[in-house]
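Peer 1: pasting the sequence and the predicted model now:
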Amino acid sequence: MLLAIDTSTGTSVAVVDRDRGSGDLRCLAETGTDDTMRHAEVIGDFIRDALADAGVRPSGLSGVAGGMGPGPFTGLRVGIAAARTFALGIRRPFVPVVSHDAIAWAWYRDGGSGPLQVVTDARRREFAVSGYDGLDDELLPRRTGGPQLAPRDDVPATTGARLDATIVPARAIGMLAELAFSAGRLPLAGQAPLYLRAPDVTPSAGKRVLQ
């Protein structure tokens with residue numbers, strides 16, 4: 001059973017489980033908002049509410065899955081920090097997942113087929129773009145390109161469907177992590193967030209002090 005968190009676009013938190021007998025994936029609770037400005041204000045309440053709605057105590061979780069982006073620096077780091085801190089607090093593993101992979105997986109799982117282009121807002125008149133071509137034999141998404149940045153008026157053409165997402169459903173983050181664990185395919189992503197660009201503010205190198 002996993003707590004799943006994503007703040008790469010809006011904010012989404014879910015509790016998911018995989019039935020050990022049937023293998024069915026279940027979303028026990030999910031809450032979220034597509035507001036891109038209030039991640040830090042809502043993330044704590046969303047975690048509390050998702051666990052309460054699922055009737056799950058933190059000690060009952062086997063891990064915490066977190067969306068690693070792509071996403072803007074300010075929002076994305078809130079969810080990753082929350083997921084990593086929660087995992088550390090309950091002494092369970094943190095499972096990183098590429099957020100675009102979760103969007104693509106959910107689209108194919110719901111009946112989509114053929115090439116897919118996932119597009120999310122990266123601010124500064126740019127989109128974050130990833131390409132996919134269905135699910136593999138273990139039902140994990142096949143990414144064919146990206147994630148990468150593209151100007152809003154110059155997104156690469158696609159021969160298939162284009163999916164513009166305003167929120168990454170945390171249930172898809174968690175379910176994809178559960179599938180990957182069962183298939184022995186973890187980790188699905190690296191530990192570094194997919195910001196795709198440097199943060200707006202960087203630490204100053206400081207002034208040299210003469211003795």
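Peer 2: Received the coordinates, thanks.

Peer 1: in three-state terms, how would the residue nearest to residue 191 when sequence neighbours are not counted be classified?
Peer 2: Counting by CB to CB, 6 or more residues apart in numbering, residue 96 is the residue found nearest to residue 191 once chain neighbours are left out, at 6.0 Å. Backbone N, C-alpha and C define where each C-beta goes, glycine included. Following DSSP: H, G, I helix; E, B strand; the rest coil, residue 96 is assigned to strand.

Peer 1: list the strands paired with the host helix or strand of residue 30, with their directions.
Peer 2: According to DSSP states H and E, residue 30 maps onto strand 25-33. Here strand 25-33 has these sheet partners by DSSP bridges: strand 11-18 (antiparallel).

Peer 1: buried sites along the partner strand?
Peer 2: 11-18 (16 or more other CB atoms under 10 Å).

Peer 1: and the two most separated of those?
Peer 2: Within the buried residues of strand 11-18, 11 and 18 form the most distant pair, 23.9 Å apart (CB to CB).

Peer 1: next up, the contacts around the residue nearest to the spatial centre of the chain.
Peer 2: For the chain, residue 67 is the residue whose C-alpha lies nearest the centre (CA atoms, centre = their mean; 2.3 Å). Taking CB atoms under 8 Å, 6 or more residues apart in numbering, we find residue 67 in contact with 4-8, 76, 79-80, 97-99, 102, 168, 170, 173.

Peer 1: thinking again about what came up before, who's in contact with the residue nearest to residue 191?
Peer 2: Residue 96 touches 65-66, 68, 187-191, counting by CB under 8 Å, 6+ apart.

Peer 1: alpha carbons of stretch 3-18, in PDB - could you do that?
Peer 2: Provided in PDB are the C-alpha atoms of stretch 3-18 (Å, rounded to 0.1, in the frame of the first residue of the first chain):
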ATOM      1  CA  LEU A   3       0.900   7.000  -0.300                       C
ATOM      2  CA  ALA A   4       1.400   8.900  -3.600                       C
ATOM      3  CA  ILE A   5       2.100  12.600  -4.100                       C
ATOM      4  CA  ASP A   6       2.600  14.800  -7.100                       C
ATOM      5  CA  THR A   7       2.900  18.600  -7.300                       C
ATOM      6  CA  SER A   8       4.400  19.000 -10.800                       C
ATOM      7  CA  THR A   9       1.300  20.800 -12.000                       C
ATOM      8  CA  GLY A  10      -1.400  21.100  -9.400                       C
ATOM      9  CA  THR A  11      -1.400  19.100  -6.100                       C
ATOM     10  CA  SER A  12      -2.600  15.600  -5.900                       C
ATOM     11  CA  VAL A  13      -2.400  13.000  -3.100                       C
ATOM     12  CA  ALA A  14      -3.700   9.400  -3.100                       C
ATOM     13  CA  VAL A  15      -3.500   6.100  -1.200                       C
ATOM     14  CA  VAL A  16      -3.300   3.100  -3.500                       C
ATOM     15  CA  ASP A  17      -3.100  -0.600  -3.000                       C
ATOM     16  CA  ARG A  18      -2.500  -3.800  -5.100                       C
END
